[in-house]
Structure formats: structure tokens, C-alpha cells
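Student: After the sequence you'll find the predicted model.
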Amino acid sequence: MTNKYMYFIANWKMFGNLRTLNSLDSVIKFSNSSKKNKFKIIYCPPNTLIRPLSKRLKKTKLLVGAQNCHHNENYGAFTGSVNAKMLKDVGAKYIILGHSENRQSGETDKLINLKIKSAIKAGLKIILCIGETLNEKRKNKTNQVLAKQIKNCLKSINKKSDIVIAYEPVWSIGTGLIPKLDNLSKSISFIKNKFGKKSPKILYGGSVNGNNIAQLKDINSLDGFLVGGASQNSKKFIDIIKKTFN
Ligand code: PGA
């Protein structure tokens, strides 16, 4: 049983519509009734739902975040794109950056670094995703990859301790696979050590569900979880949160 302050990030990816928002009433009710456990729930829906969701969550403890942004901090001729200040304007407080689904379609550490800087400037809090691919893991390159992503994505950023890091092995996302617990503990310690005394909050993400949370919650160095698929179902999401504190 943990009495730590825990983060639960719901990454909805490209799922959800206005009707889906009704399903959050049970999560709001759950969060209001949970007096003894300390946690923060941040919903990151598609951009189309940020405004309606932030209105709906106004008098609740739940927060809203975005899933990505354009790197340009100013308005500009970038058809189809949205920048960090536009996301802030419609109610986002957090933003997920560096998700492997975006890295896989060409997003580099350098671009992520620009996005982080623009999002900090806009007043958003950052959730930076890092993690190795299966190939990198097989070649024993996990630490090397994590070190490089941390160094390059956070280049010239001062208050690194304000940034939430989500360790998400690429091979665990949406596959039902999670790392062996001792490997996961080692990766979390490795990430923590990269930051020295002022370590940021470190979350785990990748196939978190109501079954494996019983094992994952035993990793004391974790500050929470980034949940994809299971977060789209309020019952499953609440179950994960409840079991974290059991
Ligand atoms: P998953 O997604 O929980 O569905 O594996 C996690 C993520 O993409 O952040």
C-alpha cells in the first residue's frame, strides 16, 4: 500500500467524441469520494475535446492535457497544426510530448526539445515520454537510448525537475507486455540518477491494466502511470487507481 502522491495520466490517443465525455462522470465521482489517497488525474484527449472537457472538469480535481503540439510558439502558416499557446487557451494545463507514436512518424529529439521549450513558454506542464524499441532492448542499449533522449530532449531547459518523465518502452505500448519488474526498477533508477538530487516525477507507461497494476505498484520509485487503452474505459481506469493504493 502506497501513501505516495501518484499521477495517473489518461492518454486517449485518437479516440473519443463529445458523447464519450459522459463516461467521465464516474471518474469525477470517484475522485471526489477518495479522501485518503493522494493522486492527480490528468486526461489527455484529442484536441477536439480539450475545450468541452476542461469546461466539464472545471469544479473537479481532474485536469486536462494535450497529446502533442507544433514546435512553433507563434501563430503561423502551418495548415492542420496547433501550437502550445492555442492548447493553453482552450484549457490544457499539461502536454504529452515525445510519445513513441510520434517519434515513429519522424519526430526527432531536436524537434521534441523545441516543442518542450514552446510549451513551457506557453505555461503548459510537460510530460516527456522516453523509451527504447525492442531492437534497442535486444542489443542492450536501453540505458544508452534513455540517456540520449533525456540529454537531447531537455537540452538548455532549466527547471528539469518540473518536467514529468514517462518511461514507456516502445515494445510495451499497446502490446500487453510489460518489462520484468527488476529491469523496470533499474531503468527508473537509471533515469532518476541522470537528474541528480532534483529528480522529476517518473511514471511508467505501456500496457498498464487492472491485472498488472498489482505488480507495477510495488515499484516504490514510481510516481504514477501513463495509461493508454485502459484509460478509455472509466471503470478500468478507476480500477487501476484503486488497485495502486491497495
Ligand atoms: P497503452 O498505451 O496503455 O495502450 O499501452 C500507453 C501509451 O501509449 O502511452
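Tutor: Here it is on my side, so go on. Numbers count the residues shown, from 1 in each chain.

Student: quick one: contacts for the residue in the chain positioned nearest to the ligand?
Tutor: When C-beta to the nearest ligand atom is the measure, the chain has its nearest residue to the ligand at Gly228, with 2.1 Å between them. The C-beta positions use only the backbone N, C-alpha and C, and glycine is treated the same way. With contacts defined as C-beta atoms under 8 Å, 6 or more residues apart in numbering, the neighbours of Gly228 are Asn11, Lys13, Ile173, Gly174, Gly205, Val208.

Student: beta partners of the first one?
Tutor: According to DSSP bridges, Cys44 are recorded as the beta-bridge partners of Asn11.

Student: All the strands of the protein, in order from the start?
Tutor: 6-11, 39-44, 63-66, 94-97, 125-130, 164-167, 202-205, 224-227 (DSSP state E).

Student: and the fifth one, C-alpha only, in CSV?
Tutor: So the one you mean is strand 125-130. In CSV, the C-alpha atoms belonging to strand 125-130 read as follows (Å, rounded to 0.1, in the frame of the first residue of the first chain):
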residue,chain,number,x,y,z
LYS,A,125,3.5,21.5,-17.8
ILE,A,126,5.4,18.8,-19.7
ILE,A,127,5.0,15.0,-19.6
LEU,A,128,8.0,13.8,-21.6
CYS,A,129,7.9,10.2,-22.9
ILE,A,130,11.1,8.3,-23.4
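
Student: tell me the angle of it relative to strand 39-44?
Tutor: Direction vectors for strand 125-130 and strand 39-44, defined by axes from the mean of the first three to the mean of the last three C-alpha atoms, to 10 degrees, enclose an angle of 80 degrees.

Student: can you tell if strand 125-130 touches the ligand?
Tutor: No - using C-beta under 6 Å from any ligand atom, no contact is recorded between strand 125-130 and the ligand, whose separation bottoms out at 6.8 Å.

Student: Now do that strand: everything it contacts.
Tutor: So strand 125-130 is in contact with 9, 42, 44, 65, 93-100, 112, 116, 119-120, 145-146, 149-150, 153-154, 162-168, 191, 203, 205, 226, going by C-beta under 8 Å, 6+ apart.

Student: What of the first one?
Tutor: Contacts with strand 6-11, where a contact means C-beta under 8 Å, 6+ apart, come from 37-44, 65, 67, 94, 96, 99, 127, 164, 166, 201, 203, 205, 223-228, 231-232, 237, 240-241, 244-245.

Student: What is the neighbour count of Lys197?
Tutor: Using other C-beta atoms under 10 Å, the number of residues around Lys197 comes to 5.

Student: what about this structure, any weak spots by pLDDT?
Tutor: 1 (pLDDT under 70).

Student: go again using 90 as the cut-off
Tutor: Across the chain, the ranges flagged by pLDDT under 90 are 1-3, 35-37, 159-162, 196-198, 246.

Student: show me what contacts the residue lying farthest from the centre of the chain?
Tutor: When each C-alpha in the chain is compared with the mean C-alpha position (C-alpha atoms, centre = their mean), Ala77 comes out farthest, at 28.7 Å. By C-beta under 8 Å, 6+ apart, the contact list for Ala77 is empty.

Student: What separation do you get for it and Ser26?
Tutor: Distance, Ala77 to Ser26, using C-beta to C-beta, to the nearest Å: 43 Å.

Student: Distance-wise, check the residue farthest from the centre of the chain relative to Glu107.
Tutor: The gap separating Ala77 from Glu107 is 20 Å, by C-beta to C-beta.

Student: Over to Lys155?
Tutor: Distance from Lys155 to Glu107, by C-beta to C-beta: 15 Å.
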